[in-house]
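Undergrad: This is a predicted model, with the sequence first.
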Amino acid sequence: MSLVNQSDLPVDQLVLKTIRQALKPLSIKELTNLIPQYSETTIRRAIKKLRESNKVTKYGKARATKYGLKQNDERN
């Protein structure tokens, strides 16, 4: 079940778009399944970049970690 299949977007924008379309926080595993053209390592790097720019927030810990949109960034 791939939500996004656009290779013309940078990986961080593709991850952000995927999280927006899912309408719920997603785990790294879920993101990897939804964006199969990128490796888990690449998706982790994109998540780190998005967290540093305050576009994505982390929910949970360890294996239960999921990533979702920041409350104030849902329209951007």
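TA: Arrived safely, thanks for sending.
Undergrad: list the buried ones in the host helix or strand of residue 17?
TA: Per DSSP states H and E, residue 17 falls inside helix 11-22. For helix 11-22, a neighbour-count test (16 or more other C-beta atoms under 10 Å) marks 11-12, 14-16, 18-20, 22 as buried. Any C-beta I mention is one placed from the backbone N, CA and C, and that applies to glycine too.
Undergrad: those helices in this protein, which residues are they?
TA: For the chain, the helices defined by DSSP state H cover 11-22, 28-34, 40-52.
Undergrad: for this structure, what are the low-confidence residue spans?
TA: Along the chain, the parts satisfying pLDDT under 70 run over 1-7, 72-76.
Undergrad: ok, for the most centrally placed residue in the chain, nearest residue in space, not its chain neighbours?
TA: In the chain, the C-alpha nearest the mean C-alpha coordinate belongs to residue 15, at 3.8 Å (C-alpha atoms, centre = their mean). Of all residues beyond its chain neighbours, the one nearest residue 15 is residue 46 (4.5 Å), with distances taken as C-beta to C-beta, 6 or more residues apart in numbering.
Undergrad: Same check on residue 40?
TA: residue 32 (5.0 Å).
Undergrad: hang on, isn't the one you found packed against residue 43?
TA: Yes: between residue 32 and residue 43 a contact is recorded at 5.8 Å, counting by C-beta atoms under 8 Å.
Undergrad: And these two? Which one has more around it.
TA: Comparing residue 32 with residue 43 by other C-beta atoms under 10 Å, the one with more neighbours is residue 43, at 22 against 17.
Undergrad: re the thing from before, export the helix holding residue 17 as PDB, just CAs?
TA: Below are the C-alpha coordinates for helix 11-22, written out as PDB (Å, rounded to 0.1, in the frame of the first residue of the first chain):
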ATOM      1  CA  VAL A  11      13.100  12.500   0.500                       C
ATOM      2  CA  ASP A  12      12.300  14.800   3.400                       C
ATOM      3  CA  GLN A  13       9.400  16.400   1.500                       C
ATOM      4  CA  LEU A  14       8.200  12.900   0.400                       C
ATOM      5  CA  VAL A  15       8.200  11.700   4.100                       C
ATOM      6  CA  LEU A  16       6.400  14.800   5.200                       C
ATOM      7  CA  LYS A  17       3.800  14.400   2.400                       C
ATOM      8  CA  THR A  18       3.300  10.700   3.400                       C
ATOM      9  CA  ILE A  19       2.700  11.600   7.000                       C
ATOM     10  CA  ARG A  20       0.200  14.300   6.000                       C
ATOM     11  CA  GLN A  21      -1.700  11.900   3.800                       C
ATOM     12  CA  ALA A  22      -1.800   9.200   6.500                       C
END
